[in-house]
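Participant: From the sequence below, what's the structure:
(2 chains)
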Amino acid sequence: MTKQRAPGLRHDARSLPRELQEIKQRIRGYALEYGLDFFEVMFEMVDYDEMNMIAAYDGFPTRYPHWRFGMKYEELQKSYSYGLAKIYELVINNNPCYAYLMRNNPLVDQKLVMAHVYAHSDFFKNNAWFASTNRKMVDEVANHGTRVRRYIDLYGQDEVENFVDVCLSLENLIDIHSPYFSPEREQTEEQQERARLDVQGTKFKSKPYMEAFINPPEALEREKKQRLAQLAKFERFPQRPERDILAFLTKHAPLKRWQRDILDIVREEAYYFAPQRMTKIMNEGWASYWHSKIMTSRALDDSEIIEYADHHSGTLGARPGVLNPYKVGIELFRDIEDRWNRGRFGPEYDDCDNYLRKKSWDRNLGIGRDKIFQVRKIYNDITFIDEFFTEEFCAEQELFTFRFERQSGQYLIDSRQFREVKSKLLDSLANFGQPVIRLDDGNFKNRGELHLVHEFSGAPLKLDYARAAMENLYKLWTRAVHVETTVDGKKKLLSYNGSRHEERLLT
Amino acid sequence: MVDRIFPDSSRFKRIVRGKIRENLKRYISRGELIARQGKSIVSVPLPQIEIPTFRYGKDEQGGVGQGPGEEGTAIGAQDGEGGAGAGNMPGEHILEVDVTLEELAEILGEELSLPAITPKGNKDIFTVKDRYTGIHRAGPESLRHFKRTYKQALRRQLQLGTYNAGRPIILPAREDRRYRSWKTQKLPESNAVIIYMMDVSGSMGNEQKEIVRIESFWIDTWLRSQYRHIDTRYIIHDAAARVVDSHTFFHVRESGGTKISSAYKLAREVIDKEFPPDQWNIYLLHFSDGDNWGGDDTSMCMELLRNELLPCCNLFCYGQVKSAYGSGQFIKELASGFPEDPKVVLSEINSRDEILGSIKTFLGKGR
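Facilitator: Take a look at the predicted model:
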């Protein structure tokens, strides 16, 4: 038993009562029957304040100390006590999975949460985007906690915490795709050195009278130019634009050892949480699909049906201005299952323009279930929406885009056009709704300054935050920081040199 | 288990306090905290305590929503997160933090480095309080101490050897029963009363009253943190004075002439009737635009202060609010009338920004 215990948790009071253990076994059985393939799940019973605490630590009670967890806890406590929000379930991507049940939830909720959690666990285990996450994260995070605590003992709470603030401010400057491919190797110093010596064009052996023909001077010149250009490229620092700015800083910023370690911790945790943000819609959709399937076809008693329906619809409820990932996810999975069951895909179906025929289209393929299992394996939110979000689905789900109208200070429904909704939706998912920022030059103006470029895609940066983040970047890099971005339709270069902010129009 | 979070949440609270201190002047001059006052807590809106990152401005961004409605229809507010479960998208909202009035007073005190008040020597006044500290063998059933009773019964059964570990039933007998018992303690008590007086003659406009209101709120908050019990009385005056409730005090608009002496007389009456000076710490706060009706009345005021009010009060504060009509003469009279008296504190408040300084002047003496 002790092996399976999350560190720092007292086990006796939290293990499941016998009744729930039995239910757990039953639900686990149903999940297996349906073909879900999950990490084993350790359920623990907690009170609401423990739940809020664990949620404040993003699921890891042993996390390093930091005030923002306290802030989140206060917020959750308050919204719980005002009855505004209640956390039903909390599940951690780890092997085994840890999941928390709220002690005062009614039995039917516990069932629902268990079914939901088994599907999450299946998703964590099988979805390709989670493949590179650390499955012993509970231990890893505890180690991070120990390390940071030691630094606090050595260097003082304020010093360390302020530094953590700085790192967190740059937390989103990572390359979410970098875990999935290994980028071209950078040239080593040696290679660069050799290239530098060898800029002359290749000369072939020749008799003197043939020289001009075998080694034509213009060809040599061309080759030399090419090599010089190549060399110039590699002499840039970094050699190619870098999205993982945190990694760059860890490697190259003038930091003390403990600072480097903390920056690394923040980066590692950011990468651990990234897939969860990349698959929010799918993950919640998948879990909701399965809790609904398991509950309605197997686990529910007759007496529980009303209560279940109430809570299920509460979870999936759509509010006008907010896209509920649970709702969109589950509906899209159901839509895919239905389409693949009836064969409503492929060029034949797409090209058909007879409304009635299309509506009653049915090729009796029955491969819907297989399809959704495949989808949960290889897609993330962006590819999921890109591939399966159809015009029919958009209309059926009453989706719309909205925009902010300055005069009235209100959000207005902008459009229900399929193209617009889809592109807006994809936009908002790209880089999890964070601006894409890359590092172009670490030796800007040949003065060792940082030159960042915001890849503008229509939405401007929040400037006061950007400036504050630049100040934090300066604290790590200790030389001036420049960010190229677009403000009010004009390209601008924001600069911070350690004492004041400047901005310059770029042409 | 939950205590793991305590260091972090107290760090957070410390940061919050720092932020409140930083912004104290703004909170005070805008008076925005007053409307947010609950019974014993104030919820303070805090600007940016989030960690800044590179992000989009939310307004510009727009997004995708779900539900019925024509194009062009307004949809609800955008704050908060959708759905149940732990959201992980950063929401953008102003954080509101609940702070108790005591904490707020403490912050004010720290910021203005206000000295703690030494109450007048009223050591003979005691309040009596019962505290449950002991255990007795006899008592009313409503005070039975279940745990102790149970323990006693368990002990007895173990001693008698009638305890059966296989079937651990404990039956308390009559002699096992234990009851809570109390002791009466005497606590020295210091009481305080604040008597607010305000000139509501025609020349005091809304802005002037707002200033008075804000300043009174903060003085009140501070004094409350210094005394266990505080009474307040409100007197308004134009040519005649009367005692009113606090709502009327801050909202009434009268017109007419000004006879300050009427308020002082009434204050004296109130003190005589309700607050014997040997038992009470008395604070007199008077706000006016400094325009009195005539020299006769002003000299009467001086007389009243010197002989009647000053001897019995801890502090007499006169705050003069600048108004378009007032001559502002009265503060000069007071300054020349009581040049050395430590009990008399004068302050001119020309605008909201000067409230903080004025509070400091009033309370900086520690009386």
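
Participant: show me where chain A has strands.
Facilitator: For chain A, the strands defined by DSSP state E cover A:41-46, A:89-92, A:97-102, A:399-405, A:410-415, A:437-444, A:449-454, A:481-487, A:490-496, A:501-505.

Participant: Does the second one reach chain B?
Facilitator: Yep, that's strand A:89-92 we're talking about. Yes - for strand A:89-92, a contact with chain B is found by CB under 8 Å from any CB of the partner chain, at A:89-90. For glycine as for every other residue, the C-beta is placed from the backbone atoms N, C-alpha and C.

Participant: so can I have TSV of the strands of chain A showing mean pLDDT?
Facilitator: Shown next, in TSV, are the strands of chain A (pLDDT from 0 to 100):
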stretch	mean pLDDT
strand A:41-46	92
strand A:89-92	91
strand A:97-102	93
strand A:399-405	85
strand A:410-415	84
strand A:437-444	92
strand A:449-454	94
strand A:481-487	93
strand A:490-496	94
strand A:501-505	92
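
Participant: In which helix or strand does B:Lys129 reside?
Facilitator: Following DSSP states H and E, one finds B:Lys129 within strand B:126-136.

Participant: Tell me the gap between that strand and the middle of its chain.
Facilitator: A distance of 28 Å separates the centroid of the chain from that of strand B:126-136, by CA atoms, centre = their mean, to the nearest Å.

Participant: hang on, the earlier thing: turn the strands of chain A into CSV, including mean neighbour count.
Facilitator: Below are the strands of chain A laid out as CSV (neighbours: other CB atoms under 10 Å in any protein chain shown):
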stretch, mean neighbour count
strand A:41-46, 21
strand A:89-92, 24
strand A:97-102, 23
strand A:399-405, 21
strand A:410-415, 19
strand A:437-444, 19
strand A:449-454, 21
strand A:481-487, 21
strand A:490-496, 17
strand A:501-505, 12
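
Participant: Can you give me every residue that contacts B:Ile75?
Facilitator: Applying CB atoms under 8 Å, 6 or more residues apart in numbering or on different chains, we find B:Ile75 in contact with A:320-321, A:402, A:410-413, B:65, B:67, B:69.

Participant: Kindly provide the distance from the residue nearest to A:Arg63 when sequence neighbours are not counted to A:His120.
Facilitator: Spatially, and ignoring its direct neighbours in sequence, A:Arg63 is nearest to A:Tyr57 (4.6 Å; CB to CB, 6 or more residues apart in numbering or on different chains). Distance from A:Tyr57 to A:His120, counting by CB to CB, to the nearest Å: 18 Å.

Participant: Would you point out which residue of the stretch 251-367 of chain B is nearest chain A?
Facilitator: B:Asp353 (24.2 Å; CB to the nearest CB).

Participant: There's contact between that residue and B:Gly31 in this structure, I believe.
Facilitator: No - assessed by CB atoms under 8 Å, B:Asp353 is found out of contact with B:Gly31, at 12.0 Å.

Participant: show me what contacts A:Arg236?
Facilitator: Contacts for A:Arg236 (CB under 8 Å, 6+ apart) come out as A:441, A:443.

Participant: Checking my notes, B:Val97 in a strand, right?
Facilitator: Yes - assessed by DSSP: H, G, I helix; E, B strand; the rest coil, B:Val97 belongs to a strand.

Participant: is it true that it touches B:Val16?
Facilitator: Yes - look at B:Val97 against B:Val16 with CB under 8 Å: they come within range, at 5.1 Å.

Participant: where are the low-confidence patches of chain A?
Facilitator: Of all residues in chain A, those with pLDDT under 70 make up the ranges A:1-14, A:182-187, A:192, A:195-201, A:233-234, A:320-321.

Participant: Quick check: the farthest pair among the contacts of B:Ile75?
Facilitator: A:Gln410 and B:Gly67 (15.3 Å; CB to CB).

Participant: ok so, going back, shared neighbours of B:Val97 and B:Val16, anything?
Facilitator: B:44, B:46.

Participant: which residues touch the residue positioned nearest the centre of chain B?
Facilitator: By CA atoms, centre = their mean, chain B has its centre lying nearest to B:Thr221, at 3.0 Å. Going by CB under 8 Å, 6+ apart, B:Thr221 touches B:101, B:104-105, B:108.

Participant: higher neighbour count, B:Asp353 and B:Gly31?
Facilitator: B:Gly31 (17 against 12; other CB atoms under 10 Å in any protein chain shown).

Participant: Tell me if I'm right that the more buried one and B:Glu207 touch.
Facilitator: No - B:Gly31 is beyond contact range of B:Glu207, at 11.0 Å (criterion: CB under 8 Å).

Participant: Could you report the pLDDT at B:Thr118?
Facilitator: Reading off the confidence values, B:Thr118 has pLDDT 68.

Participant: now do the one 10 residues further on
Facilitator: The pLDDT attached to B:Val128 in the predicted structure is 72.

Participant: Give me the distance between it and chain A.
Facilitator: For B:Val128, the distance to chain A (CB to the nearest CB, to the nearest Å) stands at 35 Å.

Participant: what's the neighbour count on that residue?
Facilitator: By the criterion of other CB under 10 Å, B:Val128 has 9 neighbours.

Participant: And it, how far from A:Lys490?
Facilitator: Distance from B:Val128 to A:Lys490, by CB to CB: 75 Å.

Participant: ditto for A:Glu44
Facilitator: From A:Glu44 to A:Lys490 the distance is 54 Å (CB to CB).

Participant: Endpoints of stretch B:320-337, how far apart?
Facilitator: 16 Å (CA to CA, to the nearest Å).

Participant: Repeat that for stretch A:428-447.
Facilitator: Span of stretch A:428-447 from end to end, CA to CA: 36 Å.

Participant: any residue of that stretch up close to chain B?
Facilitator: Yes - using CB under 8 Å from any CB, we find that stretch A:428-447 touches chain B at A:428, A:433-435, A:437.

Participant: could you pull out the helices for the stretch 201-350 of chain B?
Facilitator: B:206-226, B:246-251, B:260-274, B:295-304, B:330-337 (DSSP state H, counting those that start in this stretch).

Participant: try the stretch 1-150 of chain B
Facilitator: So, for the stretch 1-150 of chain B - with DSSP H, counting those that start in this stretch - the helices run B:5-22, B:24-30, B:58-61, B:101-111, B:146-160.

Participant: Run a quick neighbour tally on A:Asn324.
Facilitator: A:Asn324 sits with 21 neighbouring residues when counted by other CB under 10 Å.

Participant: secondary structure element for the residue in the stretch 151-300 of chain B that chain A sits nearest to?
Facilitator: Taking CB to the nearest CB, chain A has its nearest neighbour within the stretch 151-300 of chain B at B:Pro168, 19.1 Å off. According to DSSP H and E, B:Pro168 maps onto no helix or strand at all.

Participant: sorry, back to before: comparing A:Tyr57 and A:His120, which residue is more hemmed in?
Facilitator: More crowded of A:Tyr57 and A:His120, by other CB under 10 Å: A:His120, with 25 against 22.
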